[in-house]
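Peer 1: need a 3D model of the sequence below.
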Amino acid sequence: MHVFRYLLLFFLLLLFSCSDDNAIEEEKGLLQLQSVRIGTMDLIQNQTLEDAPVDKGLIISFSETLNKETTETNITISNTEGIEVPLTFHYLDEDKTVSAIPESDFEHNTSYTVQIGTIQSIVGNEFPGAEFTFKTIEGSFLLEEATINGKELKTSARITNIPLAPQITLTFSDELNPENNFEDFISITNKGTKLSLGFTIENDKTLQITSDEEARDLAKYTLTISSNLKSINNFKFDGFTKEFYTQLDSTFKFPEINDEELLTKVQQQTFKYFWDFAHPNSGLARERNTSGDLVTIGGSGFGIMTILVGIHRNFITRQQGVERLAKITNFLSQADRFHGVWPHWMNGNTGETIAFSEKDNGADLVESAFMIQGLLTARAFLDESIPEEAAIINVITTLWQEVEWSWFTKGGENVLYWHWSPDYGWEMNHTIRGWNESLIVYTLAASSPTYPISKEVYEQGWAQNGNIMNGNQSYGITKPLGSDRGGPLFFAHYSFMGMDPRNLQDQYANYWEQNVAHSQINRAYVIDNPLNYVGYSEDVWGLTASDNHEGYSAHSPYNDLGVITPTAALSSIPYTPEASMDAIKHFYYLMGDRLWGEYGFYDAFNITADWYANSYLAIDQGPIIIMIENHRTGFIWDLYMSDPEVQAGLTKLGFTY
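Peer 2: Coordinates of the predicted model:
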């Protein structure tokens, strides 16, 4: 019995003893780790934090006030080689938070391990330890400054007028590696061709670049710095690209001649397009220098006038010109016509229509008016006392009288229609209304001895009951008709190669004032250059329809693509004689190495796009020859305006001339 009591007492004492131990353990507990941050970025166990900052320390927060003696000996940071980072410790938040600040920045692009050993609070609670990993960001290798011949490269603006031996200075945020072969990472190119460059490091972070050869003048170059370029600390560069434009080489590309000789040279060289390159069977002008058998009616009408200039200037003999006119007129009399009107395009061998577009496969009244303008001018030039020439006169008269102008009012409307197709009828539905290139259509239609239109068709159709009138100013210049800034400059050319605007006036406008204003506004717009295209200047101007770097377009102040078309300024020479002459000299002497070719000036160019046409178009080449001649002598104007039927038509519409 006593034995049993002793055993019971022992058991109770043992039980109470165990309960006290549990109470002490429970009272002691665990110190809780609440967060670990580097800068503002959280570290999480079993996850490596990427892109950690190199200039921030650790901030480690616990649930209780820390025993500093256990803290500073149990927090370490080491790299992958096991080298510890020297740390300085600070305490925050009533000593519950410790910051471990490296004595110097972490290395870029380096992995680190954070070891937190056993740490105690001041009441003895313990944190058993943990491990965290992070990797620092790659080092910054930035282009801090960049200049080319003193001009800022890090700009959104276009950089122009750079010397042909460019000098570039690049300053980076980190030291350059002198062992770099910079040619592998830095280039200056133009259309795939690299400039040979020299490189010199200055002040560790600055690179001087010079060109060992001259660049092309007036060309677009691209400076490219590869993203593979690294600093001496192996920091990665993001890459850099910037375009710049070289200056014009001001040396003359051809020997200088006097102005009259230059005008003759331009006319004679351009004339070759209509003489040497004419279609061998028909004698008509090909649409462009790649058109094969495709000939153009409007451009061929201009071409007929150029033949007359060619005779006048002794580029060809009168006999040669007469023979070519006979070939042309005989072909035209056999070619496709629709109510006396030719199509826009035809085959120079067969005279069959070539569709300009799907539904434009029949009559084109505007293109045919340009042809009639040329034919009537030739008729005025030819001598009916010479049998060979009289025969051509008779063919021209027949062709002229067979054009059914009035039929193109579509049943009696007071407006003319541009197109008619034997397959699609009037579906093109394009009325001819001003202001554009088509004044010649209405004056010829009124002049017709066989199918004339009434004055009401002109007033209501072309002039839109006076709505054609403008009278507003642009760049301080008053323009009587059409939009304020004017459309493409061919509006001032196509109708006025035969029709003399010098004293031409009706109730709506003085047409000399109209065309002078149009030309001056076009030039003023280019000089103003609101879209900041490269190369526009007082001597480089002229917006009109032409080829461009994207295809073809009618360029104007309302459709400015950076494209200058030589015919625009050259053919405006009657209206802007000094400005046009300056343009001719600039295009020939300073840019002739890329603008001047077998048939005169190429069609167009765009310095901003570093594009120069290798094309010629009949409708652009013809006005150059004709309008220069009208400026010099009035030769074509005098011929056309001498025609009695033309005079009668102008008078009928209320023109004085």
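
Peer 1: tell me, how many residues neighbour the spatially closest residue to Thr160 that is not a sequence neighbour?
Peer 2: Residue nearest to Thr160 in three dimensions, not counting chain neighbours: Tyr245, with 4.5 Å by C-beta to C-beta, 6 or more residues apart in numbering. To be clear about C-beta, it is placed using only N, CA and C from the backbone, and glycine gets the same treatment. Residues lying near Tyr245 (other C-beta atoms under 10 Å) number 21.

Peer 1: and Tyr245, how far from Pro166?
Peer 2: Distance from Tyr245 to Pro166, counting by C-beta to C-beta, to the nearest Å: 11 Å.

Peer 1: buried sites along stretch 56-67?
Peer 2: Within stretch 56-67, the residues that count as buried by 16 or more other C-beta atoms under 10 Å are 56-62, 64-67.

Peer 1: revised request: answer the last question for stretch 203-219.
Peer 2: 205, 207, 209, 211, 215-219.

Peer 1: of the buried residues of stretch 56-67, closest to Gly634?
Peer 2: Nearest to Gly634 out of the buried residues of stretch 56-67 is Lys56 (C-beta to C-beta; 84.0 Å).

Peer 1: now that closest one: how far from Ser448?
Peer 2: From Lys56 across to Ser448, the span is 90 Å (C-beta to C-beta).

Peer 1: now swap in Ser78 and tell me
Peer 2: Counting by C-beta to C-beta, the separation of Ser78 from Ser448 is 101 Å.

Peer 1: count of neighbours near Pro577?
Peer 2: Here the count is done by other C-beta under 10 Å, and Pro577 has 11 residues near it.

Peer 1: these two touch, right, it and His631?
Peer 2: Yes: between Pro577 and His631 there is a contact under C-beta atoms under 8 Å: 6.4 Å.

Peer 1: next, the residue nearest to Val457 when sequence neighbours are not counted: secondary structure please.
Peer 2: In space, and not counting its chain neighbours, Val457 is closest to Asn414: 4.9 Å by C-beta to C-beta, 6+ apart. Here Asn414 is coil, with the state taken from DSSP: H, G, I helix; E, B strand; the rest coil.

Peer 1: contacts only, for Asn414.
Peer 2: By C-beta atoms under 8 Å, 6 or more residues apart in numbering, the residues touching Asn414 are 454, 456-457, 459-461.

Peer 1: try it again with 7 Å
Peer 2: By C-beta atoms under 7 Å, 6 or more residues apart in numbering, the contact set of Asn414 is 456-457, 460-461.

Peer 1: would you turn those into TSV with pLDDT?
Peer 2: Output for these, formatted as TSV (pLDDT from 0 to 100):
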residue	pLDDT
Glu456	98
Val457	98
Gln460	98
Gly461	97
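
Peer 1: among those residues, which one lies nearest to Ser231?
Peer 2: Looking across the contacts of Asn414 and measuring by C-beta to C-beta, the closest to Ser231 is Gly461, at 72.7 Å.

Peer 1: can you give me phi and psi for that closest one?
Peer 2: As for Gly461, its main-chain torsions (degrees, to the nearest 10) stand at phi -80, psi -70.

Peer 1: what sits closest to it if chain neighbours are left out?
Peer 2: Distance criterion C-beta to C-beta, 6+ apart; nearest residue to Gly461, sequence neighbours excluded, is Val415 at 3.1 Å.

Peer 1: what do you get for Glu598?
Peer 2: Lys272 (6.8 Å).

Peer 1: and the helix or strand containing the one you found, what other elements does it pack with?
Peer 2: Taking DSSP states H and E as the criterion, Lys272 maps to helix 259-275. Under the contact definition 3 or more C-beta pairs under 7 Å, 6 or more residues apart in numbering; DSSP states H and E, helix 259-275 sits against helix 297-312, helix 577-585, strand 600-601, helix 618-632.

Peer 1: is Ile354 bridged to anything, and to what?
Peer 2: For Ile354, the beta-bridge partners are Trp345 (DSSP bridges).

Peer 1: these two touch, right, it and Trp342?
Peer 2: No: assessed by C-beta atoms under 7 Å, Ile354 is found out of contact with Trp342, at 11.4 Å.

Peer 1: can you give the domain ranges for this structure?
Peer 2: Following automatic domain parsing, one gets these domains for the chain: 30-136, 140-245, 259-652.

Peer 1: which one of those domains lies nearest to Lys253?
Peer 2: domain 259-652 (4.1 Å).

Peer 1: show me what counts as buried in stretch 610-619.
Peer 2: Applying 16+ other C-beta under 10 Å to stretch 610-619 flags 610-613, 615-619 as buried.

Peer 1: work out the gap between it and the centre of the chain.
Peer 2: With C-alpha atoms, centre = their mean, to the nearest Å as the basis, stretch 610-619 stands 16 Å off its chain's centre.

Peer 1: with stretch 614-627 instead?
Peer 2: With C-alpha atoms, centre = their mean as the basis, stretch 614-627 stands 23 Å off its chain's centre.

Peer 1: what does that stretch contact?
Peer 2: The contact list for stretch 614-627 (C-beta under 7 Å, 6+ apart) reads 266-267, 270-271, 273, 285-289, 296, 298-300, 302-303, 305-306, 309, 493, 497, 546-547, 565, 567, 570-571, 573-574, 599-600, 602-603, 636.

Peer 1: now do the residue nearest to Val457 against Thr431, distance only.
Peer 2: Per C-beta to C-beta, Asn414 is found 10 Å from Thr431.

Peer 1: any shared contact partners between the two?
Peer 2: Common contacts of Asn414 and Thr431 (C-beta under 7 Å, 6+ apart): Gly461.

Peer 1: list of residues touching stretch 73-81?
Peer 2: Here stretch 73-81 has contacts from 60, 84-85, 87, 100, 110-119, using C-beta under 7 Å, 6+ apart.

Peer 1: for the buried residues of stretch 610-619, work out which two are farthest apart.
Peer 2: It's Asp610 and Ala618 that sit farthest apart of these, by C-beta to C-beta, at 26.6 Å.

Peer 1: residue ranges of the helices in the stretch 1-150 of the chain, please?
Peer 2: All helices of the stretch 1-150 of the chain, identified by DSSP state H, counting those that start in this stretch, fall at 2-28, 68-71.

Peer 1: dump the last one to PDB, restricted to CA.
Peer 2: By that I understand helix 68-71. Output of helix 68-71 as PDB, limited to C-alpha atoms (Å, rounded to 0.1, in the frame of the first residue of the first chain):
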ATOM      1  CA  LYS A  68      21.700  43.000 -31.700                       C
ATOM      2  CA  GLU A  69      24.500  40.700 -30.600                       C
ATOM      3  CA  THR A  70      22.800  37.700 -32.400                       C
ATOM      4  CA  THR A  71      21.800  39.800 -35.400                       C
END
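
Peer 1: starting at the chain centroid, how far to that helix?
Peer 2: 69 Å.

Peer 1: so which elements touch it?
Peer 2: Partner elements for helix 68-71 (3+ C-beta pairs under 7 Å, 6+ apart): strand 119-120.

Peer 1: contacts for the strand it packs on?
Peer 2: Around strand 119-120, the neighbours that count as contacts under C-beta under 7 Å, 6+ apart are 31, 66-67, 70-71, 74, 126-127.

Peer 1: export the residues you listed as TSV, with columns for pLDDT.
Peer 2: TSV is the format used below for the contacts of strand 119-120 (pLDDT from 0 to 100):
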residue	pLDDT
Leu31	94
Leu66	96
Asn67	94
Thr70	92
Thr71	93
Asn74	95
Glu126	95
Phe127	96
